[in-house]
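# Make a model of this:
(one chain, ligands or ions: 2)
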Amino acid sequence: MVVSRLFGLFSTDTAIDLGTSSTRLCVRGRGIVSEEPTYLAVKKGTSEVFDHGRAIGQAARDMQGRAPQSIEVIKPIRNGAIFDFEMTRILLRHFLRSASGGRRWSSPRLLISLPTDVSDVSKNALQQVADRAGAGKLYLIDQPRAAGLGSWQPIHTARGHMIVDIGAGTTDISVLALGDVIASRSIPTAGDAMDESIVSYIRKKYNIWISHRTAEEIKTSLGSAHPCAPPLPPCAFSGLDLMANVPREISITQEEVRLAIDPQLTQIVDAIADMIPTLEAELIRDLKKTGITLCGGIANLPGLPERLYGWTNTKVFVPIDPRLSVARGLAAALDHFDELRPLLECPEDRI
Ligand SMILES: Nc1ncnc2c1ncn2[C@@H]1O[C@H](COP(=O)(O)OP(=O)(O)OP(=O)(O)O)[C@@H](O)[C@H]1O
Ligand SMILES: [Mg+2]
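Residues are numbered from 1 along each chain as shown. Ligands and ions are numbered 1, 2, ... in the order given. Here you go, the predicted structure:
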């Protein structure tokens, strides 16, 4: 008892937003302390992290498309869900160690955000992964509540709020009231699917192959959801000419990028619009006042709030740094742990 209390004194309560593209680490009292791509590079066929355990995060992402055959670059989270549990354990251990400054004997309380549709079986599996990664007691919060808190929305009130989180792997659409999730839907269409669509648009139109990384650069520098006035000038990007088998540069316009990602944007905007008529009349009335809070990296796409407003006739609010909404909510939950404890789930208490 005394020993565990003593360890508690030195432990660092930690929260992690395990995103498909990026993982954000929060420490109690310090807010968001780091953000790293959710990538690991391992020796093929093993779970041994390359470069003496250092090829995690940006170092691993930089190896993608450049690594020798003996190295495998892994993304352990796909479409917002854990795809590779062993790699997720290594990632968690890495983040817990960096949060505690390398003190291996501290076992901090760990808070993780999860999509709303995660089964109890997956939560129990995550509990085992966290135990093996060296975490203390594990708490979970669903992403819409974390995103609502981190977008400064009063989600505890009786009034309904719609939170839409468009990340890399998934679009999560939720309605919250009285701190609870009243309705939610998750679709596997978000930033990664837009990147794939840009790759295939350029291959079909120009017979040029570009990497997913280039496609993401094209999306973030030229992407838009609505015609912009004045349009940005075309940008040059390089790829592989599939006929001549040589590298070639092409100039891409903003309109081409909008056309390429239009199917994904239509699917996302339709899914949001479709949820509104399924809600109780009181909640629909609330949404007219509270509007839609748009977060996740894709909320940065120019013209998306206007397009969403045009389709739903509901005002749209984008918080600053919408990519960090979930992580800000996690940091708030760590700082006000006792007050926000009713929003958190503890798988260990359920067993
Ligand atoms: N300025 C921008 N314009 C367009 N897209 C952007 C911009 N900034 C980031 N993105 C895109 O946002 C996506 C990443 O968003 P985010 O960090 O919220 O995802 P994630 O949390 O890792 O994934 P998920 O929540 O789906 O598991 C990527 O597809 C990225 O290219
Ligand atoms: Mg996310």
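# In contact with the residue in the stretch 101-250 of the chain that ligand 1 sits nearest to, which residues?
Closest approach between the stretch 101-250 of the chain and ligand 1, counting by CB to the nearest ligand atom: residue 191, at 1.9 Å. The way it works is simple: take the backbone N, C-alpha and C, and place the C-beta from them, glycine included. Residue 191 makes contacts with 21, 166, 167, 168, 169, 216, 219, 297, 298, as judged by CB atoms under 8 Å, 6 or more residues apart in numbering.
# my guess is the second one meets residue 268, correct?
Yes - in this structure, residue 166 is within contact of residue 268 by CB atoms under 8 Å, at 6.3 Å.
# show me what contacts the closest residue to residue 335 other than its chain neighbours?
Spatial nearest neighbour of residue 335, excluding adjacent residues (CB to CB, 6 or more residues apart in numbering): residue 28 at 6.2 Å. Going by CB under 8 Å, 6+ apart, residue 28 touches 12, 13, 14, 334, 335, 337.
# again, only this time at 7 Å
12, 13, 334, 335 (CB atoms under 7 Å, 6 or more residues apart in numbering).
# Out of these, who's the most crowded?
Highest neighbour count within the contacts of residue 28, by other CB atoms under 10 Å: residue 334, with 23 neighbours.
# Among the contacts of residue 28, which ones are in helices?
Residues of these located in helices (DSSP state H): 334, 335.
# Look up how far residue 14 lies from the residue nearest to residue 335.
Distance, residue 28 to residue 14, by CB to CB, to the nearest Å: 8 Å.
# Residue 342 now?
Distance from residue 342 to residue 14, by CB to CB: 21 Å.
# Up against ligand 1, what does the stretch 101-250 of the chain have?
When proximity is defined as CB under 6 Å from any ligand atom, the stretch 101-250 of the chain approaches ligand 1 at 167, 168, 169, 170, 190, 191, 192, 216, 219, 220, 223.
# buried set for stretch 220-228?
Within stretch 220-228, the residues that qualify as buried are 222, 223, 224, 225, 226, counting by 16 or more other CB atoms under 10 Å.
# err, stretch 70-79, not the other one
Buried-residue list, stretch 70-79, by 16+ other CB under 10 Å: 71, 72, 73, 74, 75, 76, 77, 78, 79.
# Lowest pLDDT pick from those residues?
Of all the buried residues of stretch 70-79, residue 79 carries the smallest pLDDT score, 87.
# Might you list the low-confidence residue ranges for the stretch 1-150 of the chain?
1-11, 102-107 (pLDDT under 70).
# Check whether the helix with the most length in the chain comes near ligand 1.
When the chain is parsed with DSSP H, its longest helix is helix 254-275. No - using CB under 6 Å from any ligand atom, helix 254-275 never reaches ligand 1; the gap is at least 9.3 Å.
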